[in-house]
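Engineer: My questions are about this predicted structure, shown below with the sequence.
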Amino acid sequence: MIYQLFDYICTMKKIEDVILFQIDWTSKVSKQYSQREFNRLGLNITIEQWIILKIISENENLSQKELAEKSLRDPASITRTINILEDKNYLHRNSIKHNARAYHIELTIKGKEFVRKNMNIIKEHRNLSIKGLSVDEIQTLSILLKKIRDNMK
């Protein structure tokens with residue numbers, strides 16, 4: 001009975017009131033803001049490329065498949081992004097022994113320096129995103145978002 005009532009209420013809302021739409025909207029606004037800042041600062045990198053660099057910087061010996069899983073991107077998109085970042089000399093692929101088709105993706109010295117140099121910009125963006133929220137609110141939001149993700153698995 002309670003689920004039927006909930007379903008009914010959800011169908012009566014405008015799209016802007018649906019929590020999943022709000023989550024997506026918030027994510028897009030955040031990425032647009034960060035991309036504008038990256039462009040303004042002349043970083044010559046996309047948000048997606050930054051995410052890939054950051055994931056690689058946090059994980060040693062990632063395969064392309066693992067990188068796709070961690071970044072929530074499809075393998076074809078990862079391949080294109082890796083190619084671009086390799087052309088910029090931010091990362092390189094190392095062959096995995098006994099597997100000619102797989103690679104470990106690693107940051108180059110230039111890539112490590114780029115991540116290190118620009119982490120303060122990312123920290124500023126993160127701080128702006130939680131401006132006005134208490135620690136308790138941030139923890140509650142994190143718990144709620146995890147529950148939503150778990151519900152959708």
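Structural biologist: Received, thanks.
Engineer: what lines up beside the longest strand seen in the chain in the sheet?
Structural biologist: Once the chain is assigned using DSSP state E, the strand that runs over the most residues is strand 99-107. Strand pairing for strand 99-107, using DSSP bridges, gives strand 62-63 (antiparallel), strand 91-96 (antiparallel).
Engineer: does the residue nearest in space to the middle of the chain belong to a helix or a strand, and which?
Structural biologist: Residue closest to the average C-alpha location in the chain (Cα atoms, centre = their mean): residue 51, at 5.1 Å. Assigned by DSSP states H and E, residue 51 belongs to helix 47-58.
Engineer: other SSEs contacting that helix?
Structural biologist: Under the contact criterion of 3 or more Cβ pairs under 8 Å, 6 or more residues apart in numbering; DSSP states H and E, helix 47-58 touches helix 19-40, helix 64-71, helix 75-87, strand 91-96, strand 99-107, helix 109-129. C-betas here are computed from N, CA, C, even on glycine.
Engineer: Which one, of the ones you listed, ends up nearest to residue 145?
Structural biologist: Ranking those by proximity to residue 145 (Cβ to Cβ) places helix 19-40 first, at 7.4 Å.
Engineer: hang on, residue 141 packs against residue 133?
Structural biologist: Yes. Counting by Cβ atoms under 8 Å, residue 141 does reach residue 133; the two are 7.4 Å apart.
Engineer: in this structure, what secondary structure element scores lowest on mean pLDDT?
Structural biologist: helix 2-12 (a mean of 61; mean pLDDT, DSSP states H and E).
Engineer: quick revisit: any idea of the angle the longest strand of the chain forms with helix 64-71?
Structural biologist: Angle between the axes of strand 99-107 and helix 64-71 is 50 degrees (criterion: axes from the mean of the first three to the mean of the last three Cα atoms, to 10 degrees).
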